[in-house]
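S.K.: my questions concern the predicted model and sequence given below.
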Amino acid sequence: MNVKSKNNENYKNKKCKNKGKISIISLLEDERANFSIIIAGLMLIGFLILSIAVLNMAIDKTDENIQAISSDEFQYVMKDYMRNIPILEREALEELGDEVMENKYPSQDSKADLKELIDEKLSLKAEEYWENYNIHINSSLVSIENTSNPFSYKFNTYISSVKGDYSFERVLSSDLDCIGLRDPIPLLYCKGHYGLSYNDTCYSYGNSLSELLKRKGVENYSLYVNASSPLIIRKCPFDPYAHHGDDNGKIMKNCRDNGYYHESRDGACYLCRLEGKCGCEHYGFETFINPQRTNETGLVSACGSDHVIFSDDVYPGVEVIYNNESDVSDLNGQMPYEILYLDPHGHKVKYGMSDF
């Protein structure tokens with residue numbers, strides 16, 4: 001019995017020892033599993049953090065691209081608006097000239113009248129851009145400057161605009177000329193005398209100019225009966241002007257046939273012409289009044305420059321005969337030559353006609 005009891009105890013002791021070993025092994029295995037889970041969890045968290053960071057970077061980059069696109073669009077719209085400004089200003093310049101011609105009454109202040117016309121056009125254009133692009137634009141004409149080119153002006157226009165975070169501010173300068181516009185001076189000065197008419201290219205004075213000169217006490221005023229002069233302002237390409245007398249005056253004939261205008265410190269600029277001035281303090285221009293041809297020679301009448309004829313101080317010009325290549329009269333009994341009346345020490349010298 002004792003032996004048996006000892007064997008049972010030994011068996012129980014071995015069993016306990018084996019159970020202890022199994023528990024330690026299980027514990028170690030559980031710890032390894034937990035460690036793997038922790039490592040996997042940390043890797044997953046790191047991956048999620050990295051993914052979120054990459055996603056945020058992508059979102060930020062997309063926002064930057066959207067902002068860049070919006071900025072580019074804003075700049076494009078403003079450039080497009082500014083391209084319209086010289087067009088609107090030229091339209092206003094032509095409209096004011098047409099108004100003076102239609103009413104036969106000069107502008108009291110051509111620059112102020114132009115500002116009113118231009119600012120109205122700019123306001124309407126700004127409304128159009130607000131409706132189409134949701135951009136608020138404010139612009140107005142600041143000034144008009146005469147330049148060294150008497151046919152051209154510098155228009156300075158202030159522009160500001162806002163759209164969201166974007167803003168724009170600038171003074172735009174545009175060079176605009178009066179080439180192709182109508183000269184109102186003959187109409188404004190001869191409107192009170194019967195006979196003046198004009199077509200698409202020139203004025204025909206009938207008796208109007210001779211009556212005007214008669215009232216001013218000009219000698220041989222009748223030489224300007226049925227005179228003519230240009231309507232459309234076009235700059236003379238023959239420069240220097242002293243070459244007008246070349247080749248027996250053929251260049252002068254070409255100039256007059258085409259109705260060209262010439263730079264002149266005594267003539268009026270276009271804006272002053274709109275105010276009814278034949279001369280002004282600015283660097284201006286002049287054209288010729290073409291008298292009727294006559295078979296008489298050695299005559300004296302008003303100098304044929306427009307700023308002389310329409311001024312209050314008309315000075316005389318001597319007869320200048322040129323382009324006289326034939327002694328045979330035409331069908332009207334007139335000799336085939338051209339006539340101008342130019343002052344000897346001024347316009348004759350300027351246009352190379354001193355030897356005629």
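M.R.: That came in fine, so what should we check first?

S.K.: bridged to the residue nearest to residue 151 when sequence neighbours are not counted, which residues?
M.R.: Excluding the flanking residues, the one nearest residue 151 by C-beta to C-beta, 6 or more residues apart in numbering is residue 177, at 4.9 Å. Where you see a C-beta, it was placed from the backbone N, CA and C, and this is true even at glycine. Assessed by DSSP bridges, residue 177 has beta-bridge partners residue 152.

S.K.: look up phi and psi at residue 157.
M.R.: The phi/psi pair for residue 157 (degrees, to the nearest 10) reads phi -120, psi 130.

S.K.: my guess is it meets residue 144, correct?
M.R.: No - Residue 157 lies out of contact with residue 144 (C-beta atoms under 8 Å); the separation is 10.0 Å.

S.K.: between those two, which one's more packed in?
M.R.: residue 157 (23 against 20; other C-beta atoms under 10 Å).

S.K.: quick one: the more buried one and residue 140, what's the gap?
M.R.: 7 Å (C-beta to C-beta, to the nearest Å).

S.K.: residues shared between the contacts of those two?
M.R.: residue 122 (C-beta atoms under 8 Å, 6 or more residues apart in numbering).

S.K.: before we move on, the earlier item: check what pLDDT the residue nearest to residue 151 gets.
M.R.: In this model, residue 177 is scored at 97, pLDDT.

S.K.: give me the nearest residue to residue 97, chain neighbours excluded.
M.R.: Counting by C-beta to C-beta, 6+ apart, the nearest residue to residue 97 once its immediate chain neighbours are dropped is residue 181, at 5.2 Å.

S.K.: what about the one you found, how many neighbours?
M.R.: 22.

S.K.: so residue 251 is in which element?
M.R.: Assigned by DSSP states H and E, residue 251 belongs to helix 246-258.

S.K.: after that helix, which helix or strand is next?
M.R.: As assigned by DSSP H and E, the chain's next helix or strand after helix 246-258 is strand 262-264.

S.K.: for the helix or strand just after that next one, name the packing helices and strands.
M.R.: Using DSSP H and E, the helix or strand that directly follows strand 262-264 along the chain is helix 270-274. Judged by 3 or more C-beta pairs under 8 Å, 6 or more residues apart in numbering; DSSP states H and E, helix 270-274 is in contact with helix 2-103, helix 110-133.

S.K.: so where's the stretch 251-356 of the chain uncertain?
M.R.: Scanning the stretch 251-356 of the chain for pLDDT under 70 picks out the ranges 325-335.

S.K.: mean pLDDT lowest where, among the helices and strands packed on helix 270-274?
M.R.: Lowest mean pLDDT within these: helix 2-103, a mean of 68.

S.K.: OK, contacts around residue 156?
M.R.: Counting by C-beta under 8 Å, 6+ apart, residue 156 touches 141, 142, 143, 144, 145, 171, 172, 173.

S.K.: count of residues packed around the third one?
M.R.: Okay, so that is residue 143. Residue 143: 14 surrounding residues under other C-beta under 10 Å.

S.K.: just the element for the closest residue to it other than its chain neighbours, please.
M.R.: Nearest non-adjacent residue to residue 143, counting by C-beta to C-beta, 6+ apart: residue 156, 4.8 Å away. Applying DSSP H and E as the criterion places residue 156 in strand 152-163.

S.K.: quick one: that strand to helix 110-133, angle?
M.R.: Interaxial angle, strand 152-163 versus helix 110-133 (axes from the mean of the first three to the mean of the last three C-alpha atoms, to 10 degrees): 30 degrees.

S.K.: now do strand 152-163: distance to the chain's middle.
M.R.: Relative to its chain's centre, strand 152-163 lies at 10 Å (C-alpha atoms, centre = their mean, to the nearest Å).

S.K.: hang on, the earlier thing: is it true that the residue nearest to residue 97 touches residue 234?
M.R.: No - the pair residue 181 and residue 234 fails to qualify as a contact (C-beta under 8 Å) at a distance of 9.9 Å.

S.K.: filter the contacts of residue 156 down to the buried ones, PyMOL style.
M.R.: Buried subset of those, written as a PyMOL selection, criterion 16 or more other C-beta atoms under 10 Å:
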select buried, resi 141+144+172
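
S.K.: let me have the contacts of residue 156 in TSV, extended by secondary structure, pLDDT and distance to residue 151.
M.R.: Formatted as TSV, the contacts of residue 156 follow (DSSP: H, G, I helix; E, B strand; the rest coil; pLDDT from 0 to 100; distance: C-beta to C-beta, whole Å):
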residue	secondary structure	pLDDT	distance to residue 151
141	strand	97	20
142	strand	97	22
143	strand	97	19
144	strand	97	14
145	strand	97	14
171	strand	95	23
172	strand	95	21
173	strand	96	17
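
S.K.: of the contacts of residue 156, which is the nearest to residue 347?
M.R.: Ranked by distance to residue 347 (C-beta to C-beta), the contacts of residue 156 are led by residue 145 at 28.6 Å.

S.K.: wait, doesn't the closest one sit right on residue 154?
M.R.: Yes - when contacts are counted by C-beta under 8 Å, residue 145 is listed as touching residue 154 (4.3 Å).

S.K.: residue 288 versus the closest residue to residue 149 other than its chain neighbours, what's the distance?
M.R.: Leaving aside its sequence neighbours, residue 149 sits nearest to residue 177 (C-beta to C-beta, 6+ apart; 7.5 Å). Here residue 177 is placed at a distance of 21 Å from residue 288 (C-beta to C-beta).
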